[in-house]
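Peer 1: generate a structure from the sequence data that follows.
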Amino acid sequence: VLLGESGGRLVQAGGSLRLSCEASDRAFSSYTAAWFRQAPGKEREFVASISKNGDSTTYAESVRGRFTISRDNAKKTLYLQMNSLKSEDTAVYYCAARRLFAGANNFDYWGQGTQVTVSS
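Peer 2: All right, here's what the predicted structure looks like:
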């Protein structure tokens, strides 16, 4: 599956942003999906994940209560609604997908990333 993120831009602290990730596979519902991010000089970190049918989500502690992951399988699209943005949320955001579980943060397919910059 090919993944393509969009929606990243410059936003002020306290603002909101919604990222989208469109998948190429019509069977997108057969993939668990997730968002990761990588800030300059730091390792890539997990942000949130969502089950194949969307009924189960998991969040990193740093974003819980501010970010919401969701999906629309009919549109083959994954979303990340980000509210109350902080400067420390500045990073390149990547969507990822997998068919089979192979470890909490092990995903087989990755997008090219979209830049989110939060100005303080």
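
Peer 1: now do the contacts for the closest residue to Thr114 other than its chain neighbours.
Peer 2: Spatially, and ignoring its direct neighbours in sequence, Thr114 is nearest to Gly8 (3.3 Å; CB to CB, 6 or more residues apart in numbering). Where C-beta positions appear, they are placed from N, C-alpha and C, glycine not excepted. Residues near Gly8 by CB atoms under 8 Å, 6 or more residues apart in numbering: Leu17, Leu19, Val92, Tyr93, Thr114, Gln115, Val116, Thr117.

Peer 1: do a quick rundown of the strands in the chain.
Peer 2: Remark: strands assigned in the chain by DSSP state E are 3-6, 10-12, 17-23, 32-38, 45-50, 57-59, 67-72, 77-82, 91-98, 109-110, 114-119.

Peer 1: so what touches the fifth one?
Peer 2: This points to strand 45-50. By CB under 8 Å, 6+ apart, strand 45-50 touches 32-38, 56-60, 63, 67, 69-71, 78, 80, 93, 104-105.

Peer 1: mind giving me the PyMOL command for buried ones among those?
Peer 2: The following PyMOL line selects those of the contacts of strand 45-50 that are buried, judged by 16 or more other CB atoms under 10 Å:
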select buried, resi 32+33+34+35+36+37+57+59+63+67+69+71+78+80+93
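
Peer 1: surely Gly15 and Ser87 touch.
Peer 2: No. Assessed by CB atoms under 8 Å, Gly15 is found out of contact with Ser87, at 11.4 Å.

Peer 1: now list whatever residues contact both of the two.
Peer 2: In contact with both Gly15 and Ser87: Val118, using CB under 8 Å, 6+ apart.

Peer 1: shaky segments in this protein?
Peer 2: Nowhere does the chain drop to pLDDT under 70.

Peer 1: spit out the contact partners of the residue nearest the centre of it.
Peer 2: Here the mean C-alpha position of the chain is nearest to the C-alpha of Trp35 (CA atoms, centre = their mean), at a distance of 2.5 Å. For Trp35, the contacting residues are Leu19, Cys21, Val47, Ala48, Ser49, Ile69, Leu78, Leu80, Tyr93, Tyr94, Cys95, Ala96, by CB under 8 Å, 6+ apart.
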